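**Q** Take a look and give me a structure for this.
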Amino acid sequence: MTSTTNRHAVSARGLTKRYGSTTALDEVTFDLPEHTICGLFGRNGAGKTTLMSILTAQNFATSGEARVFGEDPYENTRVLPRICFVRESQRYPEDSNPAQAFQMASLFFPNWDQDFADRLVADFRLPDCRRIKKLSRGQLSAVGVIIGLASRAEVTFFDEPYLGLDAVARQIFYDRLLEDYSEHPRTVLLSSHLIDEVSNLVEQVLVVDEGRLVLDESADDLRGIAFTVVGAEPVVDEFIADREELHRERLGPVASVTVMGRLEAADYADLSDRGLTTAPVSLQELIVRLTTRADRRDASARPMGAQR
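**A** You can find the predicted model right below:
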């Protein structure tokens, strides 16, 4: 998939959010092009939900700017109806049912597609006339996913609302998202811990760690940015001498080392001559290694005996 325009749907400039002495976001800056599916990744507490809340005008930045279609979204009637924000902890009136939740959504979102919502209800086998308080966690997740998809909002934020879904239902979500995105392009920011599951969906990758943006790249550019070498440890060390090491595992005399960099044709011949093997690094592994690399750098920068 390729973005059809260079126009920025969502932008952040120096976004910072502090709660007392705690910094939840630290000078976050990025641009998200229109008509792009972006993956937002990071550990629990990294700042992902805070970032989404500020971009959707449900929270305030301590400093910096958030822009949607070039405008401040806060109390902006030109922008807010064009945004849908679905979160894992989404709340609905307990005495209402999904059908009523969809009816309310149809009044707010100008691009709402009820026929699509009805098809999704069938796909997820959702009892849409059962009271919200009687629904399982997975069924509640389906309500949020259906609203996010059927809203066809120009900018849609999914903050892991599908965690309650089983593997089959999650795949239905991914399939319907891609199918509808191809027919009705919009901008999607998808927060997830299931990185490998969504890696084929995303075109841009944002990684937040301890409030800082540590990665902002296109998914295409990330493919092949790191690799793993396996073989006798001294030989592996010779081959990777000038490369940045991300991770190392040992089993007797054999080492498996993940390093930053791309392999050229000559490198493959060299690997073969040395009796080494190589393997690609998945997006999930790359993100895990990059964030733990930041931990190692922080630890090495602290004085001996210092506490986090």
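
**Q** Low-confidence bits of the chain, can you list those?
**A** Applying pLDDT under 70 to the chain flags the ranges 1-6, 293-308.

**Q** quick one: secondary structure of the residue positioned nearest the centre of it?
**A** The centre of the chain sits closest to residue 40, judged by C-alpha atoms, centre = their mean, with a distance of 2.3 Å. Going by DSSP: H, G, I helix; E, B strand; the rest coil, the secondary structure assigned to residue 40 is strand.

**Q** Residue 206 versus that one, what's the distance?
**A** Remark: distance between residue 40 and residue 206 (C-beta to C-beta, to the nearest Å) = 5 Å. C-beta: built from backbone N, CA, C; applies to glycine.

**Q** List the residues that contact residue 15.
**A** With contact set as C-beta atoms under 8 Å, 6 or more residues apart in numbering, residue 15 has these partners: 25, 27, 28, 29, 51, 54, 61, 63, 64, 65, 66.

**Q** The first one - that's part of a strand, no?
**A** Yes. Residue 25 forms part of a strand when assessed by three-state DSSP.

**Q** How about it, nearest residue that isn't a chain neighbour?
**A** Leaving aside its sequence neighbours, residue 25 sits nearest to residue 17 (C-beta to C-beta, 6 or more residues apart in numbering; 4.2 Å).

**Q** and whatever helix or strand that neighbour lives in, how far from the chain's centre?
**A** In the assignment (DSSP states H and E), residue 17 maps to strand 8-19. Counting by C-alpha atoms, centre = their mean, to the nearest Å, strand 8-19 is centred 16 Å from the centre of its parent chain.

**Q** Within the sheet, what are the partner strands of it, with directions?
**A** Strand pairing for strand 8-19, determined by DSSP bridges: strand 22-33 (antiparallel), strand 63-68 (antiparallel).

**Q** Extract the C-alpha trace of it and format it as CSV.
**A** Output of strand 8-19 as CSV, limited to C-alpha atoms (Å, rounded to 0.1, in the frame of the first residue of the first chain):
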residue,chain,number,x,y,z
HIS,A,8,-0.3,15.7,6.7
ALA,A,9,-3.5,14.4,8.4
VAL,A,10,-1.9,14.4,11.9
SER,A,11,1.1,16.4,13.1
ALA,A,12,2.8,16.8,16.5
ARG,A,13,5.4,19.4,17.3
GLY,A,14,7.3,19.1,20.5
LEU,A,15,4.4,17.5,22.3
THR,A,16,5.1,17.2,26.0
LYS,A,17,2.8,16.1,28.8
ARG,A,18,3.8,16.2,32.5
TYR,A,19,1.9,15.0,35.5
